[in-house]
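A.B. asks: here is the input, now give the coordinates:
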Amino acid sequence: MSNLHIGGMISDEALIKGCVKSDKACQQALYARYSRKMMMICQRYMRNTEDAEDILQEGFIKVFNHINSFKGDSKLETWMTRIFINAALNHQRQKLYLFPMVDIKETSVTQSGDASLADFHVEELLEMIRTLPDGCRIVFNLFAIEGYPHKEIASMLKISEGTSKSQYNRAKMLLRERLSEQEKQYGKFGKTTI
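C.D. replies: Okay, the predicted model is just below:
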């Protein structure tokens with residue numbers, strides 16, 4: 001392994017160089033550094049842990065096979081995130097073709113009394129996102145969490161921009177309903193107890 005260390009930890013640059021040479025120690029270190037973050041991405045797109053673990057494995061295989069194409073134009077984490085999102089989307093595309101997303105009518109959602117996201121633990125929010133129907137869950141992740149514009153989401157998923165927007169609105173409506181239910185059931189701070 002290279003001696004490029006930052007704060008006592010091997011740098012991403014050194015890990016990349018090692019992974020390009022198929023150095024097992026560098027591959028293990030890269031996996032150890034990023035597997036938790038990438039697993040959270042996989043869990044947001046998949047309904048169950050087994051599918052998320054499959055995508056995690058598939059994503060890291062792609063990272064190791066294509067690490068030599070990383071040009072350093074962005075952070076390594078950003079480049080990897082795109083690979084994992086694409087792996088998750090490829091896994092979901094078959095379902096989307098079987099059950100295509102359709103443009104739904106705008107649903108009016110009352111803003112008063114909405115539960116705040118800040119009042120809930122990350123795990124509770126992740127679980128709520130995972131329970132969304134496939135189409136709106138994918139669009140919600142791409143737009144609200146990953147920051148893709150609706151035009152790009154439409155292109156990625158081969159749907160109209162209007163469908164992307166309506167699926168996002170549907171996801172927001174469903175999440176608001178679930179957040180409100182949680183708040184009523186467990187109190188303002190979700191399931192956590194003090």
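
A.B. asks: all contacts plus neighbour counts: C-alpha atoms, from now on.
C.D. replies: OK.

A.B. asks: residue ranges with poor pLDDT in the chain?
C.D. replies: Within the chain, the stretches with pLDDT under 70 are 1-8, 94-122, 187-194.

A.B. asks: residues touching the residue positioned nearest the centre of it, list them.
C.D. replies: Ranked by distance to the mean C-alpha position of the chain (C-alpha atoms, centre = their mean), the top residue is I41 at 3.1 Å. Taking C-alpha atoms under 8 Å, 6 or more residues apart in numbering, we find I41 in contact with 81, 84-85.

A.B. asks: I'd like the distance from the host helix or strand of it to the chain centre, please.
C.D. replies: Taking DSSP states H and E as the definition, I41 sits inside helix 24-45. Here the centre of helix 24-45 is set off from its chain's centre by 13 Å, with C-alpha atoms, centre = their mean, to the nearest Å.

A.B. asks: same question, stretch 21-33
C.D. replies: On C-alpha atoms, centre = their mean, the centre of stretch 21-33 falls 23 Å from the chain's centre.

A.B. asks: using CSV, write down the CA coordinates of it.
C.D. replies: This file holds the C-alpha atoms of stretch 21-33, laid out as CSV (Å, rounded to 0.1, in the frame of the first residue of the first chain):
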residue,chain,number,x,y,z
LYS,A,21,-3.5,-2.7,-9.3
SER,A,22,-6.1,-5.1,-7.8
ASP,A,23,-4.4,-4.9,-4.4
LYS,A,24,-6.7,-6.8,-2.0
ALA,A,25,-5.8,-4.8,1.0
CYS,A,26,-6.7,-1.5,-0.8
GLN,A,27,-10.0,-3.1,-2.0
GLN,A,28,-10.8,-4.1,1.6
ALA,A,29,-10.0,-0.7,2.9
LEU,A,30,-12.1,1.0,0.2
TYR,A,31,-15.0,-1.3,1.1
ALA,A,32,-14.6,-0.7,4.8
ARG,A,33,-14.6,3.1,4.2
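
A.B. asks: in the protein, which helix has the most residues?
C.D. replies: helix 161-186 (DSSP state H).

A.B. asks: and that one, what's buried?
C.D. replies: Residues 161, 163-176, 178-180, 182-183 are the ones in helix 161-186 that count as buried (16 or more other C-alpha atoms under 10 Å).

A.B. asks: about what we covered before: can you turn the buried part of the contacts of I41 into a ChimeraX selection?
C.D. replies: Selection of the buried residues among the contacts of I41 in ChimeraX, burial being defined by 16+ other C-alpha under 10 Å:
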select :81,84,85
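
A.B. asks: in helices, which of the contacts of I41 fall?
C.D. replies: Per DSSP H, the contacts of I41 map to helices at 81, 84-85.

A.B. asks: could you dump those residues into TSV and include distance to N48?
C.D. replies: Listed next are these as TSV, based on distance: C-alpha to C-alpha, whole Å:
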residue	distance to N48
T81	19
F84	16
I85	16
